[in-house]
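In: what shape does this take:
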Amino acid sequence: MSELSFRMGELFSGPGGMALGARRAAKAVDGVELTHSWANDYDLDTCKTYRRNILVPEYGETVKVVRTSAELPRAGGGIVHQNVHDLDIDGLGGIEGFAFGFPCNDYSLVGEWKGLHGDFGPLYSYGVKVLASKSPKWFVAENVSGLRGANEGRAFSQILRHLQHPEGGPRYTIVPHMYSFDEYGVPQRRQRIVIVGIREDIDVQFRVPSPEMYRHVDVTAKNGIDSPPIDLYAPNHEFTRQSQNVVDRLSHMRPGEHAFSPRVVQALPEYLRIRTKTTLSTTYKRLEPDKPAYTVTGAGGGGSHMYHWSANRALTNREKARLQTFPDDFVFEGGKDSVRKQVGMAVPVNGAQAIFTALFKSFAKLDYPSVEPNIDLATIVTPR
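Out: Below is the predicted model:
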């Protein structure tokens, strides 16, 4: 195996946004080879999507979704459908690279924001266990922007400290940065913290890629969805049958407005007004065609599905997948609600590609434009 040949493992893999971005980056950087050794997710449809789009092109149709790490082929190539609590991490194969987008539910600004005290907050620790067990050369970890403030900042400090020095494992030099993915070729305002780590004994320095390299990309919602037009029979492009009330409500809204915009509240007939305790600004919100979309989400009740700037309807899952920069031939498995969740929880492909391209260029000793991290590690983590 050459120095720049990486076997990659993933926890909380999602449908494959991170994996596809890494694959594209490896192909774009001369001398880098990447194989997807193993992955894990708790959701069966998500595992099937990852298998179909990430593993089958690499290993063929014989690749499987398995129930335990012991069932993974020794040569690599498989995804484990299992709750991470039950996953035998030591039984996973060796890797040189590791990626994990640990669940964000308890760090999201929308919700109770329980941080480390929630059911999902401590799940980052399984990524730390992989670092200790497998000692990969690099890792990429992703989470929501709300991670910085959870538990008055203590959660973020603890997570960074554990990633720097996993108990029983090697030390890592880490570079946390708040990425706004609309600055990296994604037609969507999606801010996420991404932490890139490189093992301390390796003479490689990662630098945050400069958004200047992506200024030429048209990241408006209209361009993302309509250029080129989506084939009517494209996969995952089923249109929602909107009720007449939804159609009537949307007809009173202009691009960028939502159900609680002052002008809309005044214009809506009494029977169409939304009466809830919370007044989220994304409720029935129309996209603005000449600006990046607001953040694609994976769940939510009525009025939370993202709405077209001119048509009186919600976006299809295929349109949302375009906003996440998945190609139209990337087929999501499962029913509409399952696909909605997968699309909303995924890492945007173009965003992942930008970060992995910088990472692989760092290993290949190739220069690239960079910026200083916007998260100052020294002010967050106290050296031991």
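In: remind me which residues of the chain are low pLDDT?
Out: 1-2, 103-121, 149-153, 382-384 (pLDDT under 70).
In: what about the helices in it?
Out: 17-28, 44-50, 56-59, 124-134, 154-164, 221-226, 244-251, 262-267, 317-323, 336-345, 349-363 (DSSP state H).
In: could you give the angle of the first one to helix 349-363?
Out: Helix 17-28 and helix 349-363 meet at an angle of 50 degrees, taking axes from the mean of the first three to the mean of the last three C-alpha atoms, to 10 degrees as the criterion.
In: quick one: residues in contact with helix 17-28.
Out: Helix 17-28 is contacted by residues 6, 8, 10, 13, 32-34, 36, 39, 50, 53-54, 97, 99, 101, 140, 142, 324, 326, 330, 346-357, 359-360 when judged by C-beta atoms under 8 Å, 6 or more residues apart in numbering. Bear in mind the C-beta positions are built from the backbone N, C-alpha and C, glycine included.
In: so how do I select the buried members of those in PyMOL?
Out: Listed next is the PyMOL selection for buried residues among the contacts of helix 17-28, using 16 or more other C-beta atoms under 10 Å:
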select buried, resi 6+8+10+13+32+34+36+39+50+53+54+97+99+101+140+142+324+326+330+346+347+348+349+350+351+352+353+354+355+356+357+359+360
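In: can you tell me which of the helices of the chain is nearest to residue 376?
Out: Closest approach to residue 376 among those is made by helix 154-164 (11.3 Å; C-beta to C-beta).
In: distance from the closest one to the middle of the chain?
Out: 20 Å (C-alpha atoms, centre = their mean, to the nearest Å).
In: just stretch 349-359 next, same as before
Out: For stretch 349-359, the distance to the chain centre is 12 Å (C-alpha atoms, centre = their mean).
In: output it in PDB with nothing but the alpha carbons.
Out: Provided in PDB are the C-alpha atoms of stretch 349-359 (Å, rounded to 0.1, in the frame of the first residue of the first chain):
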ATOM      1  CA  VAL A 349     -21.300  16.400  -1.300                       C
ATOM      2  CA  ASN A 350     -19.600  19.500  -2.600                       C
ATOM      3  CA  GLY A 351     -18.800  20.700   0.900                       C
ATOM      4  CA  ALA A 352     -17.300  17.400   1.800                       C
ATOM      5  CA  GLN A 353     -15.300  17.300  -1.400                       C
ATOM      6  CA  ALA A 354     -13.800  20.800  -0.700                       C
ATOM      7  CA  ILE A 355     -12.600  19.700   2.700                       C
ATOM      8  CA  PHE A 356     -11.300  16.300   1.600                       C
ATOM      9  CA  THR A 357      -9.500  17.900  -1.400                       C
ATOM     10  CA  ALA A 358      -7.600  20.200   0.900                       C
ATOM     11  CA  LEU A 359      -6.900  17.200   3.200                       C
END
